[in-house]
Every structure is written in C-alpha cells, then in structure tokens.
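Novice: give me a model of this one.
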Amino acid sequence: YNKGMLVAWMLDLYLLENSKGKKGLDELMQMLWQHYKEEPNKGFSKSEFIAICSELAGHSMEPFFEVLMQTGELNYNHLETFGLTLEDQNQNSKPWTGISSAVDNGKIVVKRIVINSPAEKAGLAVNDELIAQDGWRLSEAIEIRDEMNIGDRLTLTISRDGKILDKVVELQPDPQKDYRLQITSDSELRDCWLEI
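Specialist: Modelled structure (predicted):
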C-alpha cells in the first residue's frame, strides 16, 4: 500500500506551492501537534483535518482532498509546478497472464492468480495443474514468446480434480507500475522542497 505515502507527498507539494515555499508537511505536523496536545485523548475527524490544512494553505482544501480520497489513480500533473513528471516505465508493458506457477512433485501447478487478471477471467484456479500451452506440453512455466502481443490468446490445457479442461487466456498488459521521477525544468519550489 503506497497511496498514503503518495497522498502525503502531494499534500506537502500542494502546501509548499500555495505558500510560495514557506509552509509544507512539517508545518502541518507542528500545527496538528499544537491542536492535539490541547486535547490528547481526542483525535481528528476528516473535516477537522481538512480545516487545519485549509488554515495552513490560506484557502479551502476540500477540492484537493475530494480528488485524493477517490479510488483509482492519483493525478500527478501537480508535479509540473515543481519541474517534475512521474513516468510509468511499464506503459508499453509486455503481455501478461496473471499466473504464478511452480513445479510441485513433477507437475506445474498454479500457485497464485492475480485478481481481475486474464487468468482469473479465463477461469483458472489455484492448484490447477498446467499441462499444455497451445497443444504443446509444458515443461516449466507458461511461455510468453517475444512475438506474442497484448490481445493474443493462449489455450491452456489443465487438470483440475482429475478432469482435463482447456482454458483460453487473452493476454493483457501487465498492470504493475514502475514509476520514475523525471526532472523536466528548473524550479525554485523544487529547490525549496528539497531544501537546496
């Protein structure tokens, strides 16, 4: 789970941008501590937390938190103000099935299937024995050859509880993200954030 760290990072950058580099996450933590030490047995409600952030930013931060509290991808366009971009190195990822398998007593057995993966959608299950791929006996794991593309289909012959079944898996892009932070331009705010 990385989203909490990323939300804190976005909050730090947002506060720095809105205070022209004078106030960030450190000052927010100090403000929260000042409020907390007055009533140490009481935490913060969501609305109280947003109110304290808004006080520090000098304007309402409701819209900021509405976007961040949504499920799904975070919007990293805010990084441009700091002369940064976040690039997914896996954008042109290779085809993927979502299956992890291992040899167990001479058999290739499915050990893990990623939720919502092509393998799960095709009806594969943990403990299925993988026998063949596209009519060819498997000796190790499923082979995704270099010439295979996203959208291609594999016919996997499996054994489940003694019954032989064919399952068709449509290859999809690997959803795993591999982000790299790239510097795109000079930025006084970035220098302030990094305390350079």
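Novice: so which residues of this protein form strands?
Specialist: For the chain, applying DSSP state E gives strands covering 84-88, 95-96, 99-104, 107-113, 129-133, 136-137, 153-160, 163-170, 172-173, 179-183.
Novice: just those: most buried one?
Specialist: Each of the strands of the chain was scored by mean neighbour count; the highest is strand 95-96, a mean of 20, by mean count of other CB atoms under 10 Å. Using the backbone N, CA and C atoms, a C-beta is placed for each residue, glycine as well.
Novice: could I get the strands of the chain as a markdown table with distance to Ser47 and mean pLDDT?
Specialist: Output for the strands of the chain, formatted as a markdown table (distance: least, CB to CB, whole Å; pLDDT from 0 to 100):
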| stretch | distance to Ser47 | mean pLDDT |
| --- | --- | --- |
| strand 84-88 | 30 | 88 |
| strand 95-96 | 42 | 89 |
| strand 99-104 | 43 | 92 |
| strand 107-113 | 41 | 94 |
| strand 129-133 | 52 | 95 |
| strand 136-137 | 61 | 92 |
| strand 153-160 | 50 | 96 |
| strand 163-170 | 45 | 97 |
| strand 172-173 | 39 | 90 |
| strand 179-183 | 31 | 90 |
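Novice: next, work out how far apart the residue most central in space within the chain and Asn90 are.
Specialist: With distances taken as CA atoms, centre = their mean, Lys177 lies nearest the centre of the chain, 6.0 Å away. For Lys177, the distance to Asn90 equals 6 Å [CB to CB, to the nearest Å].
Novice: quick one: mean pLDDT for stretch 5-17?
Specialist: What stretch 5-17 shows for mean pLDDT is 90.
Novice: other residues contacting it?
Specialist: With contacts defined as CB atoms under 8 Å, 6 or more residues apart in numbering, stretch 5-17 is touched by 22-25, 27-28, 53, 56-57, 61, 64, 68, 74, 76, 78-79, 81-82, 189, 192-193.
Novice: rerun that using 7 Å as the cut-off
Specialist: Stretch 5-17 has contacts (CB atoms under 7 Å, 6 or more residues apart in numbering) with 23-25, 28, 56-57, 64, 68, 74, 78, 81-82, 189, 192-193.
Novice: which of the residues you listed ranks first by neighbour count?
Specialist: Phe82 (22 neighbours; other CB atoms under 10 Å).
Novice: and the closest residue to that one other than its chain neighbours, how many neighbours?
Specialist: Among residues not flanking Phe82 along the chain, Arg190 sits closest, at 4.3 Å (CB to CB, 6 or more residues apart in numbering). Applying other CB under 10 Å, we find 19 residues neighbouring Arg190.
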